[in-house]
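K.L.:
the following block contains a protein sequence and its predicted model.
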Amino acid sequence: MISRRMMCRGLAVLLAAVSVLPVGVAYGEPVPPASGPEAELVPGVPPGPYQPWHIDTPDQALPPKVYTPPASEDAVEPRDARAGTYDLVEYVPLGDAAAKVTCSKRTGPYQRQVERWLGLRVDGKQSGADCLAIRTFQTKHGIKPSIGFAGTVTWAQMRLLSARKNPNAAKKCPVRSYRVACVDLGRQLTWVQKGGKVVYGPVPMRSGRAGYGTRTGWKKIYWKHKNHWSTLYNTSMPYSQFFDGGQAFHAVYGSIHTTVGSWGCVNLRLADARKLWGVLKKGDRVYVWGRRTDG
């Protein structure tokens with residue numbers, strides 16, 4: 001029997017989907033963030049293959065059983081991800097997604113940061129000029145839908161671009177003569193450096209959600225398992241490199257740009273995890289710092 005609460009929520013979502021602003025409405029006063037069901041952020045276009053609307057990650061809560069995989073197992077490479085799996089799909093207000101607006105009037109969760117990055121007036125309020133500038137950036141970098149909403153994916157792409165030249169400009173990751181895998185929870189980026197040279201990355205990642213955060217401090221790669229399978233969640237964790245109990249670097253077959261984090265692991269796109277597999281060795285050090293600010 002459907003509960004009264006579920007019925008009310010379903011009705012509210014339906015009303016939000018049909019009671020939306022018409023496309024192309026002229027800009028007047030900036031529209032404040034919506035409240036209620038319409039404030040819920042959803043993928044602005046249908047997700048790619050193996051991307052459910054809400055993605056939970058198969059990270060193990062407990063350390064796995066360590067063993068030496070036979071050569072026959074290591075010879076098998078994890079399957080490739082389907083085309084479109086890692087498309088940059090922005091999370092946008094439900095009303096904007098339902099109406100398929102061309103330029104969002106909504107103030108995004110990263111409005112100020114995006115305005116500052118683009119050199120716009122930083123007032124934290126969406127305007128017509130803001131939307132056009134954000135939409136131009138989104139179109140250039142393949143973010144869908146390119147409707148000018150300052151969401152988590154747009155801001156993540158800006159952070160990545162800013163970090164590419166020198167991810168350790170703030171010197172938050174200790175420089176050592178040996179390899180150090182740097183995990184920046186604040187910017188959701190990871191890279192590997194040896195001395196002052198970056199030998200891998202930076203690449204985007206997804207760390208642990210609230211209550212299941214990726215633990216900070218110095219760690220060490222203690223087990224590498226290319227074709228690891230989570231016995232807890234019955235799902236593959238390709239190119240797993242465990243560094244703290246059940247927490248590991250590993251690939252996921254789905255977007256890493258979600259509003260909710262993992263269960264503690266550092267999630268990577270398949271190509272990034274595969275390359276990292278060839279960079280890190282057992283015994284290499286990992287340094288984790290900062291705090292995830294969303295989800």
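P.N.:
Cool, got the structure.

K.L.:
list the buried residues of stretch 166-182.
P.N.:
167-168, 173, 179-182 (16 or more other C-beta atoms under 10 Å). Backbone N, C-alpha and C define where each C-beta goes, glycine included.

K.L.:
what are the boundaries of the strands in this structure?
P.N.:
Per DSSP state E, the chain carries strands over the ranges 41-43, 88-89, 91-93, 143-144, 179-184, 189-194, 197-204, 217-220, 223-230, 235-244, 247-251, 266-268, 285-289.

K.L.:
between those, which one is nearest to Thr68?
P.N.:
The stretch from the strands of the chain with the least distance to Thr68 (C-beta to C-beta) is strand 223-230; that distance is 9.6 Å.

K.L.:
go ahead and name everything in contact with that closest one.
P.N.:
The set of residues that contact strand 223-230 without belonging to it, under C-beta atoms under 8 Å, 6 or more residues apart in numbering, is 58-60, 64, 66, 69, 73-74, 76-78, 235-242, 248, 250, 277, 280, 282.

K.L.:
spatially central residue for the protein, please.
P.N.:
His257 (2.5 Å; C-alpha atoms, centre = their mean).

K.L.:
that older thread, buried only: go through the contacts of strand 223-230 for me.
P.N.:
Burial of the contacts of strand 223-230 was assessed by neighbour count (16+ other C-beta under 10 Å); the buried members are 58-60, 64, 78, 236-242, 248, 250, 277, 280.

K.L.:
report the two of those residues separated the most.
P.N.:
Pairwise distances across those (C-beta to C-beta) peak at 20.7 Å, for the pair Pro58 and Leu280.

K.L.:
so where's the stretch 151-295 of the chain uncertain?
P.N.:
Confidence mapping of the stretch 151-295 of the chain against pLDDT under 70 gives the ranges 232-234, 295.

K.L.:
which residues touch the spatially closest residue to the residue nearest to the centre of the chain that is not a sequence neighbour?
P.N.:
Leaving out its chain neighbours, the residue that sits closest to His257 by C-beta to C-beta, 6 or more residues apart in numbering is Val153, at 4.6 Å. With contacts taken as C-beta under 8 Å, 6+ apart, Val153 has the following neighbours: 88-91, 143, 257.

K.L.:
by neighbours, which of these wins?
P.N.:
Glu90 (30 neighbours; other C-beta atoms under 10 Å).

K.L.:
hmm, it is touching Val42, no?
P.N.:
No: with contacts counted by C-beta atoms under 8 Å, Glu90 stays clear of Val42, the gap being 10.0 Å.

K.L.:
what is the nearest of the contacts of Val153 to Gly213?
P.N.:
For Gly213, the nearest member of the contacts of Val153 is His257. The distance, counting by C-beta to C-beta, is 18.1 Å.
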